[in-house]
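Enquirer: what shape does this take:
(one chain, ligands or ions: 2)
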Amino acid sequence: MGSIAPPKLLVVDFTEKNLKPGTSSWSKACNDIRRGLEDHGCFIALFDKVSSELHKSIFHAADELFDLPTETKVQNINEKPYHGYVGQMSIVPLHEGLGIDYATTLEGAQSFTNLMWPNGNKSFCESSISFARTLAELDHMVIKMLFESYGVQKYCDSHLEATTYLLRFLKYRAPEVNETTMAFPSHTDKSFLTILYQNQVSGLEIRTRNGEWIAVEFPPSSFVVMAGDACKAWSNDTVLSPNHRVTMDMNGKKTRYTVALFSFLSKMVQVPEELVDDEHPLQFKPFVHVDLLKFYDTDHGRRTQNILKDFCGTV
Ligand SMILES: O=C(O)CCC(=O)C(=O)O
Ligand SMILES: [Fe+2]
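Expert: Ligands and ions are numbered 1, 2, ... in the order given. Below is the predicted model:
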């Protein structure tokens, strides 16, 4: 008896030169994105705007950053929960992460760089801003397509104008003998969208709607685009915000790095009225995005299996 192959994530090709609004490849990509986000909460994006130089320089930047003394890294503090330094935690010993808020702006990149390197680090600042801006281009395209596929493109510009980006550098060292392989526990993202880029060390796993865990392999020059809880709320509960985790190979020797771009809204997260009708009653009340993070930072928020229902559910 043959075993059933695990479901494969949808691959959407953004490298095509003719991917312009109004073309048939654009409409197909719009449908694919919606299907990917509704079925699995994520898809793989082929996107060739990260040159091999930028690829090298962003992982070099990650190395330089994690090599800094812990006393320096812990200064990455942000009043918004889950935006700053994470590490040295006994329950997640393999993981360390830092975040650059407003990473697509010169101010955001410079203030982080100056905090980590008081004497400056021009190449770090340039690589991080250029990487964040490149991924933000992909984010913009995905948002345009998603809004179009729901017939609500009229809200797209105001959504993008209110979007801010957090770039996180994430490191997972290889486990030692008899050490846990759980490198990042299961969670849903609180962002609107998340875009993940990794070095060649895999480890990301995603839980499907029927509870099965699938290991994600990204082909070279590809990204995982994932919906966060804010996107699930915006879509009136049609998009999945998938549970995901990172598990390291027990016998692996290599460090995994991920550079992730998280999008957040500086205006209310709210279901477009077009997505509400008698068959699809409103599921979530409008909310301030950062308040969702603050709720997640409470005992109730961390423990609940259905954060949106508890935080802003209408029933
Ligand atoms: O490293 C990864 O692939 C996933 C990271 C992640 O899930 C997160 O930072 O929220
Ligand atoms: Fe995540």
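Enquirer: go ahead and confirm residue 222 touches residue 49.
Expert: No - the pair residue 222 / residue 49 is not scored as a contact, 11.9 Å apart, by Cβ atoms under 8 Å. Heads up, the C-betas are built off the backbone N, CA and C, glycines and all.
Enquirer: the two - which one has more neighbours?
Expert: Each of residue 222 and residue 49 has its neighbours counted (other Cβ atoms under 10 Å); residue 222 has more, 22 against 13.
Enquirer: now for the more buried one: which residues touch it?
Expert: 11, 44, 45, 46, 47 (Cβ atoms under 8 Å, 6 or more residues apart in numbering).
Enquirer: which residues in the stretch 151-300 of the chain form strands?
Expert: Taking DSSP state E, counting those that start in this stretch as the test, the strands found in the stretch 151-300 of the chain are 163-172, 182-187, 193-198, 204-207, 213-215, 222-227, 244-247, 256-265.
Enquirer: what's around residue 119, how many residues?
Expert: Residue 119 has 5 nearby residues by other Cβ under 10 Å.
Enquirer: same thing with residue 205?
Expert: Neighbour number of residue 205 under other Cβ under 10 Å is 17.
Enquirer: please name the residues that touch it.
Expert: Going by Cβ under 8 Å, 6+ apart, residue 205 touches 213, 214, 215, 216, 244, 245, 246, 247.
Enquirer: ok, those residues vs residue 312, which is closest?
Expert: residue 244 (21.8 Å; Cβ to Cβ).
Enquirer: was I right about that closest one contacting residue 204?
Expert: Yes - assessed by Cβ under 8 Å, residue 244 is found in contact with residue 204 at 6.4 Å.
Enquirer: so the closest residue to ligand 1 within the chain bridges to which residues?
Expert: For the chain and ligand 1, the shortest gap (Cβ to the nearest ligand atom) falls at residue 258, measuring 3.4 Å. When bridges are called by DSSP bridges, residue 258 pairs up with residue 170, residue 198.
Enquirer: and for residue 166?
Expert: Taking DSSP bridges as the rule, residue 166 bridges to residue 101, residue 262.
Enquirer: what's the neighbour count on it?
Expert: 24.
Enquirer: residue contacts, it?
Expert: 83, 99, 100, 101, 103, 191, 261, 262, 263, 264.
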